[in-house]
Every structure is written in structure tokens, then in C-alpha cells.
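> Sequence plus predicted model, see below.
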Amino acid sequence: MLPIVPSTNTTKLRVTTDAIATVTATLQRLLQCAIAQDFPNAKITVVRPEASGNNTPKLGINLYLYHVSPNLAWQNSDLRTRRPKGELTKLAQAGLDLYYLMSFYGKDEEWEAQRLMGIAVQTIVDHPILNPAIVNDTINRPENSVLANSTLGQQVERVTISPSNMTAEDLS
């Protein structure tokens, strides 16, 4: 679950738009660190899966955000954000569920894709919550300079990771 706090302030609004990208970058980094020991040449990509496979790694994992939906638990959490005279009492919040598709690539004869899947599953089990330290470390990396204004790591509500099943409708 990803709570996002919109604001009329330009800087805060930027944080809102960076929140989803920050989650994706943090997941990418978490997976990259997890596979580095067994697969030092493997890459974690975040590209749209294509039938041609041109953008996918020969060895690695592709992490693709395929669906975003409102989180029902957060949907009505702060209905009243203004006083009767119209004064703003607090900023509105929107909780989102982000759905990612992970694809695994490697040499079939060496079971690389399946081994990468095992590492990814273990990583998700070991890290069900994206803690502030890893989120902030991801934000502060030079390659993620576009996320420098994100305050996702400072939010009270933490981003949680829960595996889910894909339906036939999701795949179509």
C-alpha cells in the first residue's frame, strides 16, 4: 500500500509524483542487491515486456508496474479535509495499491531464471515492508537524482509488499 499526499505546493506536488517511481526504484535496488552475490552480471530492468524481448535482460529480472488501483482501506480515511468555512484542515491522502509483474531471464540449462525467481521470492518474504533506510538510500543514489525531492522514506505509513495472484483478466 502506498499512501500519497497531494498538495498545492509545487515541491510537495513533486513528491506526490515521485512516490510511485520511488517505490519502483526501491524494489529494483532491493532485488539487485539480492541477486548480486549469485549473479553478479544480472540486471534488474523496469521496462514494458514486449513479445520481441529486445528490452529484457539476457540474465536478470524485469519488474514492470502493470496496474495501479485505490487502496480500499485508505479510500475514505480522510473525507473531511476542510472546515465548514472552507479552510483547509489537512492535506488529502490517497492510498494506492501498485501491482508489478516480474519476469525472469537466464539460461534454461543452468536453471538461471528459476534460481532468480527463488531469490526474488525470498527477498519479498524477507522484506515485506520497505523501511525508511532502504527507501532513503535509494533516493540518495546518484543514478536516482530525479527522485531527490521524494519524501517517501519519511512517511508515517510504510509501503508494504504482498505477493498476489494474477487472474486471466490481468494477463489479457
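Okay, I see it. Everything quoted here is computed from the prediction, not taken from an experiment.
> Relative to the whole chain's centre, how far out is the longest helix along the chain?
For the chain, the helix with the greatest residue count under DSSP state H is helix 10-35. In terms of CA atoms, centre = their mean, to the nearest Å, the centre of helix 10-35 is found 6 Å from the chain centre.
> List the buried residues of that helix.
For helix 10-35, the neighbour count (16 or more other CB atoms under 10 Å) marks 14-16, 18-32, 34-35 as buried. For the C-beta atoms, the positions are set from N, CA and C on the backbone; glycine is no exception.
> Repeat that for stretch 124-139.
Going by 16+ other CB under 10 Å, stretch 124-139 has these buried residues: 124, 127, 130, 134, 135, 136, 138, 139.
> what's the answer for stretch 158-170, then?
158, 159, 161.
> if I look at the second one, how far off is residue 138?
Okay, so that is residue 159. 11 Å (CB to CB, to the nearest Å).
> Just give me the residues shared between the contact sets of those two.
Counting by CB atoms under 8 Å, 6 or more residues apart in numbering, the residues touching both residue 159 and residue 138 are residue 26.
> Name every strand pairing with the next helix-or-strand element following the longest helix of the chain and say which way it goes.
Note on helix 10-35: by DSSP states H and E, the next helix or strand toward the C-terminus is strand 43-45. Note on strand 43-45: by DSSP bridges, its sheet partners are strand 60-70 (parallel).
> what's the closest non-adjacent residue to residue 47?
residue 55 (4.2 Å; CB to CB, 6 or more residues apart in numbering).
> Ignore what I typed, I meant residue 132.
In space, residue 132 is closest to residue 153, 4.2 Å off (CB to CB, 6+ apart).
> Now do the contacts for the one you found.
Contacts of residue 153 by CB under 8 Å, 6+ apart are 132, 133, 135, 136, 139.
> Show me which pair in those residues is furthest apart.
For these, the maximum inter-member distance is 10.9 Å, found between 133 and 139 (CB to CB).
> Tell me the spacing between residue 118 and residue 102.
According to CB to CB, residue 118 stands 12 Å off from residue 102.
> neighbour-wise, which of the two wins?
Ranked by neighbour count (other CB atoms under 10 Å), residue 118 and residue 102 place residue 102 first, with 17 against 13.
> So in terms of bridging, what pairs with the more buried one?
residue 63.
> pLDDT at it, what is it?
Per-residue pLDDT puts residue 102 at 93.
> Cool, thanks, talk later.
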